[in-house]
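Q: I would like the atomic coordinates for the input below:
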Amino acid sequence: MALTHTTLLNKVIWITGASGGIGEALARELAADGARLILSARRQTELERVRDSLANATQHVLLPLDITDSEAITAAIATIQQQIGGLDWLINNAGISQRALILDTPLETERKLFEVDYFAQINLTRQALPLLLADGGGKVIFVSSVAGLVGTQYRGSYSAAKAALHLWANSLRAELFDQGLTVATLFPGFVKTDVSLNALTGDGKALGEMDTAQANAMSAEQFAAKAVKALLNNKSYIVIGGLKERLGAWVSRLSPELLYKMIRKSKVR
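A: Alright, predicted model coming up:
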C-alpha cells in the first residue's frame, strides 16, 4: 500500500471513467493516499465494486454520469456542491479509443469519438471550474495519450481528439494560472486495460478483442503509481509508457520528420 501523502489527505478528487482500467487504478492509488473520491462512470454496479475495494470506502461518493450529457454534468456539479461543498482535483479520464483506418471511418464515427474524447471533457471541465477556483485554485488533470502526440495508424480520429485535448489544456493552464489553477496532462502509452476491447471500428461498433501490445503492456496499477507520483511532484507534461512510446514522444518534440518515418514503419494494430 502506498504511503499516505499529507498533500492528498482529505483532498476531494473527482475521477471520470472510474469503473475500470486507469480510472479504477488511479482511484485505488489516491484513496490509499488519503483522498476523498468522487467516482463517475455510466455503470453504477461497477462503481460500487470499485468503491468497495478502496481504502476508507465509506467516505467516497458515487456519481453515475454520462459525460456527453451536458445537463447531467450540471446536475452532478450541483450535487458535489451540495453534498461536499468543494473540489480540489478533477481527473478527466473517461474516453473511448479507435481501431479503424481513415478510409474506413465515416464522419458519424469521427464525431462520436470527438464527442466523448474532446467536447465532453472540455464541457465538464468548464462547468467544474467555479468549484475548483472557489478556494483560490485547484488542479485539472487530462488523460490524453501518446497517440495524441505522435498520431498512428488505425487511430486517426482518436489521435486528433487527444491532441486537441492536450492543446486546450495548454490554453486553460495559461489563462487561469493567475487564479491558482494548475493543469496537468497525462500521456499514457500502452496500458493493460479493456480500452482496445471497447475501441470503435469504422462502423462505430466495439472492436471486442485485446490488442497484443495492450495485453503485454504495463498494468494499470503501475501506470497509476507513476502518474500520482508525477502529479504530486507538480509535473504538467507526463508521458508514461514503454521505451517505444517514450521515444516517440521525445522524437515528436525534436524531429517531426524522423517521427513520421518511425510511424510509417511501426506495427500498431
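Q: any idea how far the longest strand along the chain is from the chain center?
A: Counting by DSSP state E, the longest strand found in the chain is strand 182-188. Strand 182-188 sits 8 Å away from the centroid of its parent chain (C-alpha atoms, centre = their mean, to the nearest Å).
Q: also stretch 211-218?
A: 18 Å.
Q: one more: stretch 86-94?
A: That offset, for stretch 86-94, works out to 10 Å (C-alpha atoms, centre = their mean).
Q: which residues are in contact with the longest strand of the chain?
A: 22, 137-146, 148-149, 165-166, 169-170, 172-173, 176, 223, 227, 230-231, 234-241, 249 (C-beta atoms under 8 Å, 6 or more residues apart in numbering). To be clear about C-beta, it is placed using only N, CA and C from the backbone, and glycine gets the same treatment.
Q: please indicate which of the residues you listed are buried?
A: Listed as buried from the contacts of strand 182-188 are 22, 138-146, 148-149, 165-166, 169, 172-173, 176, 223, 227, 230-231, 237-241, 249; burial here means 16 or more other C-beta atoms under 10 Å.
Q: of those residues, which belong to strands?
A: Per DSSP E, the buried ones among the contacts of strand 182-188 map to strands at Lys139, Val140, Ile141, Phe142, Val143, Tyr237, Ile238, Val239, Ile240.
Q: export the longest strand of the chain as CSV, just CAs?
A: The C-alpha coordinates for strand 182-188 follow below in CSV (Å, rounded to 0.1, in the frame of the first residue of the first chain):
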residue,chain,number,x,y,z
THR,A,182,-2.8,24.1,-12.2
VAL,A,183,-3.3,21.9,-15.2
ALA,A,184,-1.5,18.6,-15.9
THR,A,185,-1.8,16.3,-18.9
LEU,A,186,-1.0,12.6,-18.8
PHE,A,187,0.1,10.8,-22.0
PRO,A,188,-0.3,7.0,-21.5
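Q: packing partners of the very next helix or strand once past that strand?
A: Counting by DSSP states H and E, the element after strand 182-188 in chain order, helix or strand, is strand 191-192. On a contact count with 3 or more C-beta pairs under 8 Å, 6 or more residues apart in numbering; DSSP states H and E, strand 191-192 meets helix 212-215, strand 218-219, helix 220-232.
Q: correct me, but Phe114 touches Ser159?
A: No. With contact defined as C-beta atoms under 8 Å, Phe114 does not reach Ser159; the gap is 11.5 Å.
Q: what about those two, which has more around it?
A: Ser159 (24 against 17; other C-beta atoms under 10 Å).
Q: wasn't that one part of a strand?
A: No. Judged by DSSP: H, G, I helix; E, B strand; the rest coil, Ser159 forms no part of a strand; its state is helix.
Q: and it, what does it touch?
A: Ser145, Ala147, Gly148, Val150, Gly151, Thr152 are the contacts of Ser159 under C-beta under 8 Å, 6+ apart.
Q: please apply the same query to Asn56.
A: Ala31, Gly34, Arg36.
Q: repeat for Ser145
A: Ser145 touches Tyr158, Ser159, Lys162, Phe187, Pro188, counting by C-beta under 8 Å, 6+ apart.
Q: in which helix or strand would I find the third one?
A: Taking DSSP H and E as the definition, Lys162 sits inside helix 156-176.
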